[in-house]
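Undergrad: Structure for the following, please:
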Amino acid sequence: MRLRVLTPSAVVAEVDVGSVTVPSVEGVLTAMPGHDTLLALLKPGDLHCEVAGGETGRLEFNIGPGLCEVIHDQVTVCVSHAEAAGPGLRQEGGQVERRTG
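TA: Reported below is the predicted structural model:
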């Protein structure tokens, strides 16, 4: 499943994930591969995702209000702001990357 985290000024993250958990206005929502089509209004809070593919681990972002769309194993999160919140991450030029070394 592909996750894209977008703000008005940047593509903050674009990564393959096994699951995504977001703070919707109706409660916490978790999307996994094969999830039905969904559009949810998001409130400020923490977005968590489990990295899929060759890498393992968890990414975390502090996000502002916005929208989450799930269609055909693609999750797009459009929010007012998003900042990396987990260890082992760095945010440079709006893009989040894993720290190495």
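
Undergrad: Quick one: neighbours of the residue nearest to residue 51 when sequence neighbours are not counted, just the number.
TA: Distances taken as Cβ to Cβ, 6 or more residues apart in numbering place residue 57 nearest to residue 51, at 4.9 Å, with adjacent residues excluded. For every residue, glycine as well, the C-beta is placed using N, CA and C. Number of residues near residue 57 (other Cβ atoms under 10 Å) recorded here: 12.

Undergrad: Low-confidence stretches in this structure?
TA: For the chain, applying pLDDT under 70 flags the ranges 53-56, 86-101.

Undergrad: Go again with 50.
TA: 90-94, 98-101 (pLDDT under 50).

Undergrad: Which neighbouring elements make contact with the strand ranked longest in it?
TA: In the chain, with assignment by DSSP state E, the single longest strand is strand 10-24. Packed against strand 10-24 by the contact rule (3 or more Cβ pairs under 8 Å, 6 or more residues apart in numbering; DSSP states H and E) you find strand 2-7, strand 27-31, strand 38-42, strand 45-51, strand 58-63, strand 74-79, strand 95-98.

Undergrad: if we go to 6 Å?
TA: Under the contact criterion of 3 or more Cβ pairs under 6 Å, 6 or more residues apart in numbering; DSSP states H and E, strand 10-24 touches strand 2-7, strand 27-31, strand 38-42, strand 45-51.

Undergrad: So residue 34: helix, strand or coil?
TA: Using DSSP: H, G, I helix; E, B strand; the rest coil, the structure places residue 34 in coil.
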